[in-house]
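Enquirer: Return atomic coordinates for the entry below.
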Amino acid sequence: MDINRVKFILEDWALYMKVDNHKLGYPSKSILINSGGESSNEVFEQMIDDMDFNNVQAMDAIIDSLEPLQKQAVYARYLKEKKPVEYTRLLSLAMDNIITMASRRIPA
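Expert: Numbering: from 1, shown residues only. Down below sits the predicted model:
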């Protein structure tokens, strides 16, 4: 997976982590099926949003599976938390691991 794609998903993940969400997982809108086989922009946009959300959830699981200091480095970079000792090295290792795992778990 391309590093730019990973960074884009990480930015979405950071936004996801900063939002207070107490929903039960039910969609705010339901997708309607139009008679006549037409497709609307809203359905396409909802599909893209769902894919982005699935990518963010997969990224959250990937980050959660990192070693604790690597996870702390990612949190420091994207969530502005406290930087661990050897931050630069740990973030580099974390990014390498994230790219490797994301290549297997997140569709391009």
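Enquirer: so which strand or helix has Asp60?
Expert: helix 41-64 (DSSP states H and E).
Enquirer: Which strands or helices does that helix pack on?
Expert: helix 3-18, helix 68-79, helix 87-105 (3 or more C-beta pairs under 8 Å, 6 or more residues apart in numbering; DSSP states H and E). For the C-beta atoms, the positions are set from N, CA and C on the backbone; glycine is no exception.
Enquirer: Please report the distance of Glu42 from Ile48.
Expert: 11 Å (C-beta to C-beta, to the nearest Å).
Enquirer: Ramachandran angles for Asp2?
Expert: phi -70, psi 140 (degrees, to the nearest 10).
Enquirer: From Ile63, how far off is the residue nearest the centre of the chain?
Expert: Note on the chain: the residue nearest the mean C-alpha position is Val56, at 2.2 Å, using C-alpha atoms, centre = their mean. Distance from Val56 to Ile63, counting by C-beta to C-beta: 10 Å.
Enquirer: and what of Ile106?
Expert: Distance from Ile106 to Ile63, by C-beta to C-beta: 12 Å.
Enquirer: Ok, Val43 next?
Expert: Distance from Val43 to Ile63, by C-beta to C-beta: 31 Å.
Enquirer: Over to Ser92?
Expert: Counting by C-beta to C-beta - Ser92 and Ile63 are separated by 15 Å.
Enquirer: Leu93 now?
Expert: Counting by C-beta to C-beta, the gap from Leu93 to Ile63 is 13 Å.
Enquirer: Cheers, nothing more for now.
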